[in-house]
Structure formats: structure tokens, C-alpha cells
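Peer 1: structure of the sequence below:
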Amino acid sequence: MKLSPVSRQDAEQDLLDMVKTCLESGKAVRQDVGADGRLHIDRPLPFLCVHLTKGEKNLAARDIAAAHASYLIAADIEEALPIIDAVGQEMVKRFGDFIVLDVDELEHDILLADDSPFLPHYEVKVSSSSHGPALNAKSVFIKAVCDAEIRFRTPRITSPSSEGEVLWGAPKNALCFPWLSVRFAPIYRQPESGADYPGLRETMIADLFDAGLRAFSAFANDATSIKVSSHRALGRKAFVDAVKRADRSIDDIAASFDFLLSVTPINARHAFKEFQESDFQRAPNFLYRPLGVDVEEQKRKLYSVAFEHLEDPVLYHLYREKQQEIDLQLTMLANLHNPKFQDFSRALYGAVEPELLSLAEDVLARCPPPVQEAVATADCYHVANRARDMVAAYHEQSAEFDARVEIRDDLPPGLMVSGNKLFVSRHTVMEERRVDALLHHEIGVHLLTYFNGSAQGLRLFRSGLSGYEGVQEGLAVLAEHLVGGMTRERLRLVAGRVVGCAAMLDGASFVDTFRIMTDRLGFDKAGAFNSVLRIFRGGGLSKDAIYLRGLNEIIQHLRNGGALEPFWMGKISAAHFPVMQELTLRGLLRPPSISPGFLAPASAQKRLEKIRSGLPIAEMATL
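Peer 2: Numbering: from 1, shown residues only. From the prediction side, this is the model:
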């Protein structure tokens, strides 16, 4: 139904009254404006980013505006000005000043043919009001744009050629607040077809959004009652519904299959017997569970998840990374037993870099095979009971820690975490002195970060950010050392698996790799078989190289003065530290609610200090 002028005025006044009421009480505002606009203010802030659509759709400028914690998208200046005025007046009362950032695109880029042999500068027009803090914000914005690493093109900053290009072409006195106006060339569009360069569009949005935050931060510190420690603290402090929907969808797809279980043989004991009977000359046949996931169906679902409405470049990037990782895992499952499986494994876990292989060889050289001695052993039931005791202790610390321990027949000897479950192979027999160390590895790191990640509001932090596994395994091996349960043989095993993975990736066969592990590295036949089985599962899985790589990353992080606490917030990689710091500053993440038990003893802190002081990995054995 078409509104009469009177009813339209009433609707506009109702909107302004609602905005005023929410802002006075400090409440969030998320309200549709006109036919295709929106006002979003997730908390009171001394700025508003504005984009006027003027009938245009799918512009990057709209996405830049919508990335901010406080933005207005409206059809034209007549629709926008009353809302800007209402918001600005309330923010001036609260903060003492208020600035408007107006973002839009120039009509076209420099004429550029698809086959052009060079790429010229692209134009960015920037202007501001003469207010001192606004001029400083302008300078900060220009510097941020010039420092940004937008590939292929570099910006040329210009001023508008006429007053008509400044601030929507409105009269100078139309806005009674300081302002900053930005127009940029649409270089993310292909010159002839008009289609997007998707990667360039994403980069431009992230960089110009960041420049806007820096300008707002400078203005706030110059002119308002709030002082900003980091420009990133001015980002969003609430997840919009689109984020939560995408998060659930991605998590549902990730939960539709168990990658490690799917690629782990179910006939390990029989395979070893078969290998033994061939006098270790013929690779055994491995059997796997029937694949319980429709790979093509899950891939269709994966790429139907909508990310374009997340309104947050940081989260957009995290979910894109995770989408690509899940895609790679599904591709590997579709290629089980196929030679291509190994190639995709290399893409997922990386090759064994020369530095890592050298580190592994050094550990092996400095940790010769220990003299075999009789030690007390523990079976699967003993391990499972101790595991349940540890789970109960964490549950007392937090009722959210609700893990399950299961004994399974279809796993090789050892332990495995899947989601909120700890699986103990029925064939497990280990040194009793190693039980607590391995339980801290599995429960104190893998399960703890699962439950802490679950508490962050997004499932992504419990299923794991892309590439999290290396740091996770590094932390888990570190936990074994900190509780005094690291043996020389365990260190040798972590290093030996790197050598085995390198051999496999270089084309060595199962039998060749087994001989390297036994003849050259000195592992016993049963232990070597278990390692080589892990390396060749699925067709060649290089995952076991990440334990030593991750441990080395953690040690370097500690030696550089880094803290461990952020790692307990969820399943993250070292590369995500800046992201976690930003999301924490924005109030989107909470501190870990459950702390690792292995860090509490004074002995653990002493060992940690020795690592910070330069203790080599080869000297980390405590037993």
C-alpha cells in the first residue's frame, strides 16, 4: 500500500522517535529505512558512516558503510538528513562531538582495456569540513589508504573539483556536524563487462573500512570524551543474524562428517599381522568405514551459505577460509585410496619445509633411542577411567565442560578427540607414567578449547578456525612437557613422524617409509608400523608433521614474549592472533571460562620459564 504524504511523515517521525529513545537508553538500533535502506547502531558511538544509494545496488561503497558498527544507508539526502541530525544530536550530548563519514563511488574508473599492458593509479577523492579534528581525521584516512596493500593499483588522492561533489551536493550548511567525504574509483569492476573482480572487491572493502575506523579513532581521541586504545575497538560488538545463520550452516556441514575417523583404518591390528607375515616386505591392505557423507551434497550446501550480508570484513574472511578448508576436506574424502588424496593432503597440511625437517633430524640426533627397560603399563580401561576423572575435575570448574569418554574397537592403539568426545582404542596399551601427559594433551587442550570455543557465541571457534590444527597439536605436546610426562621416546616419535611424512611426500612407499623408521631411526617394528599407518592413511596424510611444526611455533611465540591465554579461547592458529585481539577489543569474544589444569602447578611454570629462556626442543624430555 502506498503511503500518503501525511502517513509517510508520521512513519518518519516514528522512526526518529524510536531512534532517539534507543540512543538515550544506550540500546542498539537496527531499523529499515525507506525501500532499501537501513540504520544500524550497535552501541552509542561518536560517528556515523553514511552511504546514499541513489537507486544503485551492489556497490562496494554500500558494503564499506555496512561494515561499521554505526551506519546509515538511505536512498537520498532528503531521507538521510533527519536521521543523521537525530543521531548526531544524541551523540553530541553523550560524547561532546560527532562526525559523519560519507562514502560513495565515482561514476567510472580510468578507461582501461582488458589487455592494457600497465595499470595506472586509481582516484580517491577525499574532502572534509574545516573543523580541526575532522581535518586530522581526513589526514589519517588518506595515510591509511595510501599505506594499504591493494594489489595492482595504487591510489591517487585528489580533492573534489567543485562544491557539488562535496557531501552529496547538499548546501554547506545542510549538516551541522563535522564531516568527511570519500569517493573512490570502482576499480573492482572489470572494464568491459562490468563484472566484479571478487578478490579485489573484498580487499577494497576491508582496506577502506579499516581507513574509516582509523579516521574515527583519530577524531574520537581529538574531539570527544572517549579515548580509543585501538581503532579496531570501534568495530562491531554484536553479531547480526546473518552471521549466526552462516555460522550454524557452516557448523552443520562440518559436523556432517568426521574427517579423521573417515580416513583412519579400522583393521589396524589385522593389517599389522598381515604385514608381519610378509616379513615386512608387502604393504598391508587397509579397510575404512563406509563414507557416511554425500560429498557433492555437502559441497552444494557449503557454497550456498550466504556471506554477503555478514556486514563484517573480519568475519567474512574467517568464514571464507573455513569454507575453503571444509571444501578441501570433502575433496579428500571423495578421493580416499586415490593417488590424488596425497596431493590434497599437501594442500591442507602443507609440505615438510626444509627447516622443519632439519629440526626433526636435530631432535633425533640429540635424542638417541633409549635403552629398553621394563615399565608399568596401562590398558584402555585404566586410561578411560583416568580420563573420566579428569573430565569430572574440569566439569567442577565449569558445568559447560560436558565431555564423554568412549572405548572403541575400530581405532588403532591410542586416543582421539572428536567434537566433545574422547575415544580410547580398546587396543591401547601405554606406559603408565605417560597416561596423565596424554590425557592433558587430549582433554586439557583439545576438549578444553572445544568447550571454551562453544562459549564464544559462534560455533566456528569450537570447530576451529582454518589452519588451527598445527597450533592445537603444538599446545598439546607442550602440555605433555609441562606436566613432566615427556619422554625421550615421545620426542623422538614426534620428530620421526616428520621424517616419515617427508619421505611419503617425496614418493617413498609404505615399506620404504617403514624401513626408514626402523633401520635408520631405530623405532621398534610395532611403533614404526603405527606411525607409518598414520602417515599413509587414506592414501597419504601429512598431518603428523604438524605436531613438531606447531610445537616450534608455540615455543617461538613464547620466546617472543607471547601469552598462552588467547589460545584457550577456542581453536585458533597463531596467524589468527590479531583477529582474536580485535574481536576481543570489540567485545565479541570473552576470556576463556575454563583454564588448563596442567598450568596450575609451580613445576609447570618453571618449565614454561625455561622454554621462554631458550630451552631447545631436544632437551624437553622429562622422563
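Peer 1: which parts of this protein are strands?
Peer 2: 29-33, 37-41, 47-52, 70-74, 99-105, 122-128, 155-158, 179-184, 377-379, 404-408, 415-418, 421-425, 429-431 (DSSP state E).
Peer 1: can you lay out those as TSV showing mean neighbour count, distance to Arg236 and mean pLDDT?
Peer 2: In short, each C-beta sits where N, CA and C put it, glycine included. Conversion of those to TSV gives the following (neighbours: other C-beta atoms under 10 Å; distance: least, C-beta to C-beta, whole Å; pLDDT from 0 to 100):
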stretch	mean neighbour count	distance to Arg236	mean pLDDT
strand 29-33	16	11	92
strand 37-41	22	9	95
strand 47-52	27	12	96
strand 70-74	24	9	96
strand 99-105	25	16	95
strand 122-128	20	24	91
strand 155-158	16	26	86
strand 179-184	24	20	94
strand 377-379	16	49	96
strand 404-408	16	35	97
strand 415-418	19	32	95
strand 421-425	21	34	96
strand 429-431	16	47	94
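Peer 1: between those strands, which one is closest to Ile443.
Peer 2: Closest approach to Ile443 among these (C-beta to C-beta): strand 421-425, 6.4 Å.
Peer 1: counting by contacts, list what the closest one packs against.
Peer 2: Judged by 3 or more C-beta pairs under 8 Å, 6 or more residues apart in numbering; DSSP states H and E, strand 421-425 is in contact with helix 380-397, strand 404-408, strand 415-418.
Peer 1: that strand vs strand 404-408, what angle?
Peer 2: Here strand 421-425 runs at an angle of 30 degrees relative to strand 404-408 (axes from the mean of the first three to the mean of the last three C-alpha atoms, to 10 degrees).
Peer 1: in its sheet, which strands sit next to strand 421-425, and in what direction?
Peer 2: Paired neighbours of strand 421-425 in the sheet (DSSP bridges): strand 404-408 (parallel), strand 415-418 (antiparallel).
Peer 1: of these, which is nearest Pro133?
Peer 2: Among the strands paired with strand 421-425, strand 415-418 comes nearest to Pro133, with 52.1 Å by C-beta to C-beta.
Peer 1: export the closest one to PDB, keeping only CA atoms.
Peer 2: Extracted in PDB, the C-alpha atoms of strand 415-418 (Å, rounded to 0.1, in the frame of the first residue of the first chain):
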ATOM      1  CA  LEU A 415      43.400 -41.700  21.800                       C
ATOM      2  CA  MET A 416      41.400 -39.400  19.600                       C
ATOM      3  CA  VAL A 417      39.100 -36.400  20.200                       C
ATOM      4  CA  SER A 418      36.100 -35.800  18.000                       C
END
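Peer 1: need the contact partners of it.
Peer 2: 258, 260-261, 264, 383, 387, 422-425, 428, 438-439, 441-442, 446-447, 450 (C-beta atoms under 8 Å, 6 or more residues apart in numbering).
Peer 1: go with 7 Å
Peer 2: With C-beta atoms under 7 Å, 6 or more residues apart in numbering as the test, strand 415-418 has contacts from 258, 260-261, 422-424, 438, 442, 446-447.
Peer 1: name the helices or strands packed onto the helix of greatest length in the chain?
Peer 2: In the chain, with assignment by DSSP state H, the single longest helix is helix 198-223. Contacts defined by 3 or more C-beta pairs under 7 Å, 6 or more residues apart in numbering; DSSP states H and E place helix 198-223 against strand 47-52, helix 60-66, strand 99-105, helix 132-147, helix 313-334.
Peer 1: please identify the deepest-packed of those.
Peer 2: Mean neighbours per residue, mean count of other C-beta atoms under 10 Å, is largest over the helices and strands packed on helix 198-223 for strand 47-52, with a mean of 27.
Peer 1: kindly calculate the angle that it makes with helix 198-223.
Peer 2: Computed by the same axes, to 10 degrees, the angle separating strand 47-52 from helix 198-223 equals 140 degrees.
Peer 1: roughly how far is strand 47-52 from the heart of the chain?
Peer 2: 29 Å (C-alpha atoms, centre = their mean, to the nearest Å).
Peer 1: which residues does Ser595 contact?
Peer 2: Trp568.
Peer 1: same thing but 10 Å
Peer 2: Neighbour list for Ser595: 394, 397-398, 444, 448, 452, 565, 568 [criterion: C-beta atoms under 10 Å, 6 or more residues apart in numbering].
Peer 1: distance of it from Val391?
Peer 2: Distance from Ser595 to Val391, counting by C-beta to C-beta, to the nearest Å: 15 Å.
Peer 1: how near is the closest residue in space to Gly587 that isn't next to it in sequence to Ala69?
Peer 2: The shortest distance from Gly587 to any non-neighbouring residue, by C-beta to C-beta, 6 or more residues apart in numbering, is to Lys237 (4.2 Å). Remark: distance between Lys237 and Ala69 (C-beta to C-beta) = 7 Å.
Peer 1: next one: Lys322
Peer 2: Distance from Lys322 to Ala69, by C-beta to C-beta: 23 Å.
Peer 1: just to revisit the earlier point, would a markdown table of the helices and strands packed on helix 198-223 with distance to Val124 be doable?
Peer 2: As requested, the helices and strands packed on helix 198-223 are exported to a markdown table (distance: least, C-beta to C-beta, whole Å):
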| stretch | distance to Val124 |
| --- | --- |
| strand 47-52 | 16 |
| helix 60-66 | 12 |
| strand 99-105 | 10 |
| helix 132-147 | 6 |
| helix 313-334 | 18 |
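Peer 1: and for stretch 275-285, what's in contact with it?
Peer 2: Here stretch 275-285 makes contact (C-beta under 10 Å, 6+ apart) with 265, 267-268, 270-274, 509-515, 518, 525-526, 528-529, 532-533, 536.
Peer 1: could you redo the last one with a cut-off of 8 Å?
Peer 2: 271-272, 274, 509-511, 514, 525, 529, 536.
Peer 1: which of those residues tops the neighbour count?
Peer 2: If you count neighbours using other C-beta atoms under 10 Å, the busiest of these is Phe514, which has 26 neighbours.
Peer 1: do I have it right that it meets Asn530?
Peer 2: No. Judged on C-beta atoms under 8 Å, Phe514 makes no contact with Asn530 at a distance of 10.6 Å.
Peer 1: in the stretch 501-623 of the chain, which spans are helices?
Peer 2: Listed in chain order, the helices of the stretch 501-623 of the chain (DSSP state H, counting those that start in this stretch) span residues 510-515, 525-536, 546-559, 577-585, 602-612.
Peer 1: packing partners of the fourth one?
Peer 2: Yep, that's helix 577-585 we're talking about. Contacts defined by 3+ C-beta pairs under 8 Å, 6+ apart place helix 577-585 against helix 313-334.
Peer 1: so where is the protein shaky, pLDDT-wise?
Peer 2: 1-8, 111-119, 149-152, 161-174 (pLDDT under 70).
Peer 1: need the residue closest to the centroid of it.
Peer 2: In the chain, the residue lying closest to the centroid (C-alpha atoms, centre = their mean) is Leu465, at 3.7 Å.
Peer 1: hang on, the earlier thing: out of the helices and strands packed on strand 421-425, flag the one nearest Val494.
Peer 2: Here strand 415-418 is closest among the helices and strands packed on strand 421-425 (C-beta to C-beta), at 15.2 Å.
Peer 1: how far is that closest one from where the chain is centred?
Peer 2: Centre-to-centre, strand 415-418 and its host chain are 22 Å apart (C-alpha atoms, centre = their mean).
Peer 1: my guess is Val391 contacts Glu406. True?
Peer 2: No. Using C-beta under 8 Å as the test, Val391 is too far from Glu406 to be in contact (11.7 Å).
Peer 1: overlap in contacts, the two.
Peer 2: Common contact partners of Val391 and Glu406 (C-beta under 8 Å, 6+ apart): Leu422.
Peer 1: and stretch 431-445, how far apart are its ends?
Peer 2: Start and end residues of stretch 431-445 are separated by 21 Å (C-alpha to C-alpha, to the nearest Å).
Peer 1: mind listing what's buried in that stretch?
Peer 2: Within stretch 431-445, the residues that qualify as buried by neighbour count (16 or more other C-beta atoms under 10 Å) are 431, 434-445.
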